[in-house]
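**Q** only the shape, not the letters, is given here:
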């Protein structure tokens, strides 16, 4: 048998496996769709109202003001300050709220659960809508029992953990030990998780569903006339492959030569014009392996979309198991950048059991790649700006940007990142006030 014949056979087997996997996913989607209540399907986009408003959320950045692992940081000031500055005046069907993010694999579960319950009770006390976002894929330092496969001297060491982190090649010998993130400045982070790893998903389900049940119990206890306090829950944060934890090509050598010092690390970061991984090391091999889809060649756009969408469906499934309806679950896809055709589709965040969402930084949803097309193809009107910011310099620009986003199709909410960055910005505060005074378009 010639080398060419062998390669063709391998390609045929891989294509057949991928086709089978897609069929399974398609059947799963149909089953999930059937589980959505008939009432929801018939009235997929009810009008915004006082009972079900359109929201403008201010995200409270974790830090000195509050910390998920320290319940003692939850105080009235978290709610008092932003509400006092912006005011409580709003048009019928539009409301101001606060959002908070929990990285459920990055702290003691009992502390996070206490903090979450305190925040929810604060929202009730201050009559302020609250959106809780749950994230498992970005920060997981606390769970070295999942990612430490190389350092016997550190907690959690297990060589089998190499299957829980991403690989930059087709095999565990390419398992990542170090990655970088740049949210304003570059920092070292733990290796990115294998989003399809059974062990990673088991841990995620355990921690996430415990937190979701707390939210569900609180939401169910709200009287009918105060249901507006609960818009739903958000899962994931810019879910993607190789973006929020990217790997330089010489990452392992850097860790070995300077294990505790990143001062000499490269700083060129991601160059989105170079395609999927911004010119850095490819990722996704581990996830495809866990899915039963070996990949001897280069990771492509379709592979990344498959990994991200499968993980988002997994998260939505946990929300469904916790008792939430599809219109109470919001997703947060990532990896969409200009040049749009070189990066993953917005469709990765779209599925039958949730409302899709994406990050929009100084970007109109109407011109954000295939965002509109992805919604149209899925016969989906409702969506959300899971993470949002405009670079407007005056109140008129702020108001216009907010209104443009909320007015695109049926935007359930936009979440401004972060309150701490605009609290002293008078133009932003006035623009938010003006936008809140405008009733949503229910046409």
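**A** Sure thing, it's come through. Values in this document were obtained by computation on a predicted structure and should not be read as measured data. Numbers count the residues shown, from 1 in each chain.
**Q** could you use CA atoms for every contact and neighbour count after this?
**A** Will do.
**Q** list the contacts for residue 350?
**A** For residue 350, the contacting residues are 309, 331, 356, 374, 375, 378, by C-alpha atoms under 8 Å, 6 or more residues apart in numbering.
**Q** I figured the fourth one hits residue 351, correct?
**A** No. With contact taken as C-alpha atoms under 8 Å, residue 374 and residue 351 are classed as non-touching, separated by 10.5 Å.
**Q** which one's more surrounded, those two?
**A** Higher neighbour count among residue 374 and residue 351: residue 351, with 22 against 18, using other C-alpha atoms under 10 Å.
**Q** isn't that one right up against residue 313?
**A** Yes. Assessed by C-alpha under 8 Å, residue 351 is found in contact with residue 313 at 7.0 Å.
**Q** could you say which helix or strand contains residue 319?
**A** Using DSSP states H and E, residue 319 sits in helix 301-321.
**Q** and residue 268, how many neighbours does it have?
**A** Using other C-alpha under 10 Å, residue 268 has 10 neighbouring residues.
**Q** hang on, residue 385 in a strand?
**A** Yes. Checked against DSSP: H, G, I helix; E, B strand; the rest coil, residue 385 lies within a strand.
**Q** so how many other residues sit close to it?
**A** 25.
**Q** what bridges to it?
**A** Residue 385 forms beta bridges with residue 358, residue 414, as assigned by DSSP bridges.
**Q** that one contacts residue 417, correct?
**A** No. Look at residue 385 against residue 417 with C-alpha under 8 Å: they stay out of range, at 10.7 Å.
**Q** please name the nearest non-neighbouring residue to the residue most central in space within the chain.
**A** In the chain, the centroid-proximal residue (C-alpha atoms, centre = their mean) is residue 237; its distance is 1.9 Å. Nearest residue to residue 237 in three dimensions, chain neighbours excluded: residue 332, at 5.2 Å (C-alpha to C-alpha, 6 or more residues apart in numbering).
**Q** counting contacts, what elements does the helix or strand harbouring that neighbour pack onto?
**A** Per DSSP H and E: residue 332 is located in strand 329-333. For strand 329-333, the packing partners by 3 or more C-alpha pairs under 8 Å, 6 or more residues apart in numbering; DSSP states H and E come out as strand 233-239, helix 301-321, strand 357-361, strand 382-389.
**Q** give me the pLDDT for the closest residue to residue 72 other than its chain neighbours.
**A** Counting by C-alpha to C-alpha, 6+ apart, the nearest residue to residue 72 once its immediate chain neighbours are dropped is residue 115, at 7.9 Å. Looking at residue 115, its pLDDT is 98.
**Q** give the buried residues for the strand or helix carrying residue 115.
**A** Using DSSP H and E, residue 115 sits within helix 109-125. By 16 or more other C-alpha atoms under 10 Å, the buried positions in helix 109-125 come out as 109, 112-120, 122-124.
**Q** out of those, the closest to residue 143 would be?
**A** residue 109 (11.4 Å; C-alpha to C-alpha).
**Q** look at the residue nearest to residue 432 when sequence neighbours are not counted and give its secondary structure.
**A** If the residues on either side of it in the chain are set aside, residue 432 comes closest to residue 399, at 6.1 Å by C-alpha to C-alpha, 6+ apart. Of the three states, residue 399 takes helix under three-state DSSP.
**Q** give the contact list for residue 399.
**A** Listed by C-alpha under 8 Å, 6+ apart, the contact partners of residue 399 are 431, 432, 434, 435.
**Q** next up, the contacts around residue 280.
**A** Counted by C-alpha under 8 Å, 6+ apart, residue 280 has contacts 246, 247, 248, 249, 269, 270.
**Q** err, residue 71, not the other one
**A** Shown in contact with residue 71 (C-alpha under 8 Å, 6+ apart): 111, 112, 114, 115, 118.
**Q** mind running it again at 6 Å?
**A** Applying C-alpha atoms under 6 Å, 6 or more residues apart in numbering to residue 71 gives the contacts residue 115.
**Q** one step back: by pLDDT, give me the weakest of the contacts of residue 280.
**A** residue 249 (88).
**Q** local confidence estimate at the residue lying closest to that residue once chain neighbours are set aside?
**A** Using C-alpha to C-alpha, 6+ apart and skipping residues adjacent in sequence, the residue nearest residue 249 is residue 281, 5.3 Å away. Residue 281 carries a pLDDT value of 96.
**Q** next: the one 3 residues further on.
**A** At residue 284 the predicted local distance difference test score is 97.
**Q** ok, the residue nearest to residue 237 - contacts?
**A** Shown in contact with residue 332 (C-alpha under 6 Å, 6+ apart): 236, 237, 238, 357, 358, 386.
**Q** could you rerun that using 7 Å?
**A** With contacts defined as C-alpha atoms under 7 Å, 6 or more residues apart in numbering, the neighbours of residue 332 are 235, 236, 237, 238, 239, 349, 356, 357, 358, 386.
**Q** what's the answer for residue 93, then?
**A** By C-alpha under 7 Å, 6+ apart, the neighbours of residue 93 are 48, 49, 50, 53, 54, 439, 440.
**Q** mind doing that once more with 8 Å?
**A** Contacts were defined as C-alpha under 8 Å, 6+ apart; by that measure residue 93 touches 48, 49, 50, 51, 52, 53, 54, 439, 440.
**Q** likewise for residue 357?
**A** 330, 331, 332, 333, 349, 383, 384, 385, 386.
**Q** next, the buried residues of stretch 144-164.
**A** In terms of neighbour count (16+ other C-alpha under 10 Å), stretch 144-164 has its buried residues at 144, 146-150, 156-158, 161-164.
**Q** how about the residues you listed in TSV, adding pLDDT, secondary structure and distance to residue 423?
**A** Below are the buried residues of stretch 144-164 laid out as TSV (pLDDT from 0 to 100; DSSP: H, G, I helix; E, B strand; the rest coil; distance: C-alpha to C-alpha, whole Å):
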residue	pLDDT	secondary structure	distance to residue 423
144	98	helix	36
146	98	helix	38
147	98	helix	37
148	98	coil	39
149	98	coil	43
150	96	coil	43
156	97	coil	41
157	98	coil	43
158	98	coil	45
161	98	helix	42
162	98	helix	43
163	98	helix	43
164	98	coil	40
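**Q** ends of stretch 138-153, how far apart?
**A** 24 Å (C-alpha to C-alpha, to the nearest Å).
**Q** distance check, residue 288 against residue 311.
**A** Counting by C-alpha to C-alpha - residue 288 and residue 311 are separated by 12 Å.
**Q** any shared contact partners between those two?
**A** Common neighbours of residue 288 and residue 311 (C-alpha under 8 Å, 6+ apart) are residue 196.
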